[in-house]
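1. What follows is a predicted structure for the sequence shown.
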Amino acid sequence: MKHKIRLLIFCILIMFSLVSCMPSFHTGVENDKSDTETEAIKKKDSGKKESKKKVDKKTDTKREKKPHSKPHIVLKKVGEESYDDLGMTLYHIEYKYIQLEDDGEEFEPLIAAFEEYNKEVDEQFASTREIFENFAKEEESNRLEGYGEKVFTEETDSYIMRADKDVVSILNYTKYDYGASERYSRNSVSFDTSTGNRLNFLDVVKDDKTFFELVDKRVYEDYEEINIQNPSEYADALRESNYDNLVWTISPMGVTVYFDTRVLGAETDGPQVITISFEENEEIFNQKYVYEENDYVVPIVAGNMTLHLDVDGDGRSDAIAVNNIYKQNPETLNIYEDGINILVGDQSRELSGYDSKSYIIKKNGNYYMYVFISDEIERLHIFGLTDLDLDNDEFVYLSLGNLYSDWSQNGNIATYESLDETFTDVKSFKGQSMGNLLYLFIISREWFVADDGRLQTNDERGRIIDDRAYKTLVDLKCSVVDENGKVKKPNVTIPADTYILPLYGVDETDAYIDVIMLDESDVLVSSIGEGYGNYIELKNKDLLEYEGDCYRITFDIDEEYGDISIDGKGLFEIFEGLSISG
């Protein structure tokens, strides 16, 4: 029963996912384009207009402020989707903004650099919207005449390749469709953490000639079956411009260069991604940016990215890659993502699901892979890279935290915003799991990678991420706890007809929630429909950031059937506002 409740929770919680785009920083050569695509890009290049800032709603994640030597990055997605009068999509856009969670003085230059970066994203958003609005008018007219159904899209996935006291490095992977077929491009940007300055490739790689000689050697090891130009020859053409158009990132492992499809070879050769590690030749890199710590997290981008690590200490490097698995619907012929294939040397392992994010973890000299993946539910798989056997697969129901989300619609335009956690530090990241209480609780905790590579948390309870309130239908016995969750006063009562807001909870069988009492003016009560009860929403959003004493309500859970009750009464006898979740 408990697992059925979990499944119900995840099925109900649908995350809105619109598509995205990013500004051009270090940008690769674009693919062949249709006439429509060419027209769109010409318009974008010719008319970047001053845009009204899209992200002017201040979002404070309100984590407990701790002194940090490393910047903690969160990504803000901002999306927009337009519909015709029949509700069919005309276009959708999604862009990513970079935000710094920490506001210490040591990060002020980086904060200023991110603000400048986000202004450029704003301009790109406005430019793309203007182009898509014009295309949408023409498309809507075509649909009224009975032909054509193009949907214009841009969507971006962003990877924080490194974020520490020395450097922040970001890879943006953009997919776009201007009505002909889906294409993609990559761009990158890196910052010096202390100064906020954007880094050029030559700021990081001192000996570019030797670097690209190593790239030449590695590209024919990883892509031996294709016939492509030597990367060093391509780099020669970029040297005069100080590699302005080279797409590159720096991670704790080393420096990675990205060559999109048709840059080094033909369409059928696909893209090439090459990483030269610091260990291969540390002398060719600027020592300031060489990673010095023993433990790290490195994202591994699915498809065409191969990393080389000696995972078992035998002195030989093993090739590590993650590739997406695709299937085709036999009726619609639509191709969809159905899982991933993990490759470590001669070993391989498949996982089913979609929207995966994979990370290489180095902890205490050992290597692990963390894979966040969705299916009916969101889960995290943890593998030791020396053995991909089934018995080595540990998984938990956990996803990277969504710190904030909002969705609204005005006429035929829908907008979506969310603030999402990133995983860049083995010592701390926010992860979300599901509680079994009141059906819809998302619980956020701070997690870390333990010495054995496994996942641990020091948080006995998690913060509930929800603005839903409830009304008590009966008197409830409870206790008062302080801001740290320690009991201050047992045996108190929350009266019937009291509005409450859950702020903390646990996802174990021994379950409770910590709540605060609300005034009637703090909530908005809406009728769902006859026979379905009311939906109660928190109106005073400032209360979501409350830190202080709470009332702890403890639940009884039937071990055999998983039924949840208090003193023999079921949840619907105790709370108003649950109908939407049942």
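-> Happy to help now that I have it. Numbering: from 1, shown residues only.
2. Which helix or which strand is home to the closest residue to Glu537 other than its chain neighbours?
-> Nearest non-adjacent residue to Glu537, counting by CB to CB, 6 or more residues apart in numbering: Leu524, 4.8 Å away. All C-beta atoms are positioned from the backbone trio N, CA, C, and that covers glycine. Taking DSSP states H and E as the criterion, Leu524 maps to strand 523-529.
3. C-alpha coordinates for that strand, CSV please?
-> Only the C-alpha atoms of strand 523-529 are listed here, as CSV (Å, rounded to 0.1, in the frame of the first residue of the first chain):
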residue,chain,number,x,y,z
VAL,A,523,-5.5,31.6,3.0
LEU,A,524,-7.5,31.5,-0.1
VAL,A,525,-10.3,28.9,-0.2
SER,A,526,-11.6,27.7,-3.5
SER,A,527,-14.3,25.2,-4.3
ILE,A,528,-13.2,22.4,-6.5
GLY,A,529,-16.7,21.3,-7.5
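4. can you give me the strands for the stretch 251-400 of the chain?
-> Secondary structure of the stretch 251-400 of the chain (DSSP state E, counting those that start in this stretch): strands located at 254-259, 272-277, 296-300, 306-309, 318-328, 335-344, 347-352, 354-363, 366-374, 378-384, 394-396, 399-400.
5. Which parts of the chain belong to which domain?
-> For the chain, automatic domain parsing gives the domain ranges 1-160+173-183+398-445, 461-581.
6. Would you reformat those as a markdown table and include distance to Ala237 and mean pLDDT?
-> Rendered in a markdown table, the data for those read as follows (distance: least, CB to CB, whole Å; pLDDT from 0 to 100):
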| stretch | distance to Ala237 | mean pLDDT |
| --- | --- | --- |
| domain 1-160+173-183+398-445 | 11 | 75 |
| domain 461-581 | 49 | 88 |
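7. Output the ones you listed in JSON lines; the columns should cover distance to Lys362 and mean neighbour count.
-> What follows is the domains of the chain, written out as JSON lines (distance: least, CB to CB, whole Å; neighbours: other CB atoms under 10 Å):
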{"stretch": "domain 1-160+173-183+398-445", "distance to Lys362": "8", "mean neighbour count": "17"}
{"stretch": "domain 461-581", "distance to Lys362": "27", "mean neighbour count": "16"}
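8. out of these, nearest to Asp375?
-> domain 1-160+173-183+398-445 (8.9 Å; CB to CB).
9. which of the residues in stretch 295-310 are buried?
-> Residues 295-302, 304-309 are the ones in stretch 295-310 that count as buried (16 or more other CB atoms under 10 Å).
10. Could you dump these into a markdown table and include distance to Cys550 and pLDDT?
-> What follows is the buried residues of stretch 295-310, written out as a markdown table (distance: CB to CB, whole Å; pLDDT from 0 to 100):
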| residue | distance to Cys550 | pLDDT |
| --- | --- | --- |
| Asp295 | 35 | 97 |
| Tyr296 | 37 | 97 |
| Val297 | 33 | 97 |
| Val298 | 39 | 97 |
| Pro299 | 37 | 96 |
| Ile300 | 41 | 95 |
| Val301 | 42 | 90 |
| Ala302 | 42 | 86 |
| Asn304 | 49 | 79 |
| Met305 | 45 | 90 |
| Thr306 | 49 | 93 |
| Leu307 | 45 | 95 |
| His308 | 50 | 95 |
| Leu309 | 46 | 94 |
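11. Which residue ranges of the stretch 1-150 of the chain form strands?
-> Using DSSP E, counting those that start in this stretch, the strands of the stretch 1-150 of the chain run over residues 26-27, 73-83, 89-100.
12. Can you list the helices and strands that the second one packs against?
-> Other elements packing on strand 73-83 under the criterion 3 or more CB pairs under 8 Å, 6 or more residues apart in numbering; DSSP states H and E are strand 89-100, helix 108-144, strand 152-163, strand 413-421.
13. most distant residue from the middle of this protein?
-> Going by CA atoms, centre = their mean, the residue of the chain most distant from its centre is Asn491, 42.3 Å out.
14. Just the CA atoms of the host helix or strand of Lys175, as CSV, please.
-> According to DSSP H and E, Lys175 maps onto strand 167-177. Extracted in CSV, the C-alpha atoms of strand 167-177 (Å, rounded to 0.1, in the frame of the first residue of the first chain):
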residue,chain,number,x,y,z
VAL,A,167,36.1,28.7,-11.3
VAL,A,168,32.4,28.3,-12.4
SER,A,169,32.0,26.6,-15.8
ILE,A,170,28.7,26.0,-17.6
LEU,A,171,27.7,24.1,-20.7
ASN,A,172,24.4,24.9,-22.4
TYR,A,173,22.9,22.4,-24.8
THR,A,174,20.2,23.9,-27.0
LYS,A,175,17.7,22.1,-29.2
TYR,A,176,15.6,24.1,-31.6
ASP,A,177,13.0,23.5,-34.3
